[in-house]
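K.L.:
Just need the structure, nothing else, for what follows:
(chains A and B)
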Amino acid sequence: MAVYTFYIFDRHTECVYVKSWTPPTQAAGASPAPAISAGSDDAKLVFGTVFSLRNMARKLGGDDDAFISYRTGQYKLHFYETPANLRFVMITDTASASMRNVLHQIYINLWVEYVVKNPLAPVEHKGGAGIKNELFERGLDQFIRGMM
Amino acid sequence: MAASKASRIGEEIWKTRIDKVNAELVTLTYGTIVAQLCKDFEDDYPEVNRQLDKMGYNIGLRLIEDYLAKSNTMKRCSNFRETADMISRVGFKIFLNITPQVTNWTTDNNSFSLVFDENPFADFVELPDDGRAQNELWYSNILCGVLRGALEMVQMQVEAHFISDVLRGNDTTEMRVTLIRYIDDELPPEDD
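P.N.:
Just a heads-up that it's a prediction; the model follows:
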């Protein structure tokens, strides 16, 4: 399994965190990682997409319905939203199982512990302030690499 | 019934997932904060109430995330009555080990009271005997701010204030919580 990119969007719809991983070795014959860069335009597009899909899922399936993932020929996009409207998005290869639990664990064990409970991190993470601390970054990297 | 389920959840989390601290440490720390505020604002009690509310608000903004993580909440409460039960039986339970009664609902289900049979903040407390504190100071006002901040983060704008306090000589300690509105999702800015 390979994780390509991971985004966090705050409740003001701003992309406050983005990180990309390149698979260590590309197995022969495997399709190359899709060209999803960490540029701000991509983040905006990703947000627009998941926001619309989430709204559509709710419209069709009722207010409790949640958009979970979609898949293309090249990648699979996973989505998890907390009740406080923090949105986690992860893009992986197409073969991966549901990452909803993984995203939930990232929220509980990394976001809440290392960002929210960090007294020096602001409440609002404008421009990603307070998120790029060592504990969070390292924890996330280890967690993701542990799965790959 | 939803209320008993909430009680079970609260009990379970309290037992298994919460780091405990000495209750007297909490009581004395909170008492010191209020005493210091009274000193700093020269016994201007309405101002002390405002400061406590503001401190609580800033706590609430973060505490909600810890609440959501500990309670494993994946979706919103379906109505304000469920919200009230979760506040009392899960929120207060896991952070203070108390479950205030939810009561005195208005007919439109937008406003309720929390009646505190016990209040760990107020143990050993006597209000200053200056003839004003008894009428002006809401000793536990930080709790109003906590609720306001926490609920704002899950898109509920509420108003909370104490209407009676045993420290003032009332029979009960009662907080009134009123839902003002549900806050809409923020939309992404339009691209030009």
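K.L.:
Now A:T49: which helix or strand?
P.N.:
helix A:40-61 (DSSP states H and E).
K.L.:
can you list the residues of chain A near chain B?
P.N.:
Within chain A, the positions adjacent to chain B are A:11-13, A:44, A:47-48, A:51, A:64, A:66, A:82-85, A:104, A:107-108, A:111-112, A:116-117, A:123 by CB under 8 Å from any CB of the partner chain. Where you see a C-beta, it was placed from the backbone N, CA and C, and this is true even at glycine.
K.L.:
thinking again about what came up before, flag every buried residue along the helix holding A:T49.
P.N.:
A:42-44, A:46-47, A:50-51, A:53-54 (16 or more other CB atoms under 10 Å in any protein chain shown).
K.L.:
Show me the residue at the heart of the chain, geometrically.
P.N.:
Just so you know, I chose chain A. Taking CA atoms, centre = their mean as the criterion, A:V89 is the residue nearest the geometric centre of chain A, at 2.6 Å.
K.L.:
Correction: the question concerned chain B.
P.N.:
B:L143 (3.4 Å).
K.L.:
show me what contacts that residue?
P.N.:
B:56, B:121, B:160, B:175 (CB atoms under 8 Å, 6 or more residues apart in numbering or on different chains).
K.L.:
circling back: list the helices and strands the helix holding A:T49 packs on?
P.N.:
Helix A:40-61 is packed against strand A:3-9, strand A:15-20, strand A:76-81, strand A:87-92, with contacts defined by 3 or more CB pairs under 8 Å, 6 or more residues apart in numbering or on different chains; DSSP states H and E.
K.L.:
May I see the ones you listed arranged in JSON lines, with mean pLDDT and distance to B:I87 as well?
P.N.:
What follows is the helices and strands packed on helix A:40-61, written out as JSON lines (pLDDT from 0 to 100; distance: least, CB to CB, whole Å):
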{"stretch": "strand A:3-9", "mean pLDDT": "94", "distance to B:I87": "27"}
{"stretch": "strand A:15-20", "mean pLDDT": "92", "distance to B:I87": "28"}
{"stretch": "strand A:76-81", "mean pLDDT": "95", "distance to B:I87": "22"}
{"stretch": "strand A:87-92", "mean pLDDT": "95", "distance to B:I87": "25"}
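K.L.:
coming back round to it: out of the contacts of B:L143, what pair is the most spread apart?
P.N.:
B:F121 and B:A160 (15.3 Å; CB to CB).
K.L.:
of the residues of chain A next to chain B, buried ones?
P.N.:
Buried among these by 16+ other CB under 10 Å: A:11, A:13, A:44, A:47, A:51, A:82-85, A:104, A:107-108, A:111-112, A:116.
K.L.:
Return the subset of the residues you listed lying in strands.
P.N.:
Using DSSP state E, the subset of these located in strands is empty.
K.L.:
The top helix by length along chain B: how far from the chain's middle?
P.N.:
Scanning chain B for the helix with the most residues, using DSSP state H, yields helix B:45-71. Distance of helix B:45-71 from the chain centroid (CA atoms, centre = their mean, to the nearest Å) equals 8 Å.
K.L.:
on contacts alone, who are the packing partners of it?
P.N.:
Against helix B:45-71 (3+ CB pairs under 8 Å, 6+ apart) you get helix B:2-16, helix B:23-40, helix B:93-96, helix B:133-136, helix B:142-153.
K.L.:
okay, those helices in CSV with mean pLDDT next?
P.N.:
Output for those, formatted as CSV (pLDDT from 0 to 100):
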stretch, mean pLDDT
helix B:2-16, 89
helix B:23-40, 95
helix B:93-96, 95
helix B:133-136, 92
helix B:142-153, 96
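K.L.:
Let me know which of the ones you listed is tucked in deepest.
P.N.:
Mean neighbours per residue, mean count of other CB atoms under 10 Å in any protein chain shown, is largest over the helices and strands packed on helix B:45-71 for helix B:142-153, with a mean of 23.
K.L.:
okay, the angle between it and helix B:45-71?
P.N.:
50 degrees (axes from the mean of the first three to the mean of the last three CA atoms, to 10 degrees).
K.L.:
I'd like to check the angle between helix B:142-153 and helix B:23-40, please.
P.N.:
Using the same axes, to 10 degrees: helix B:142-153 against helix B:23-40 is 100 degrees.
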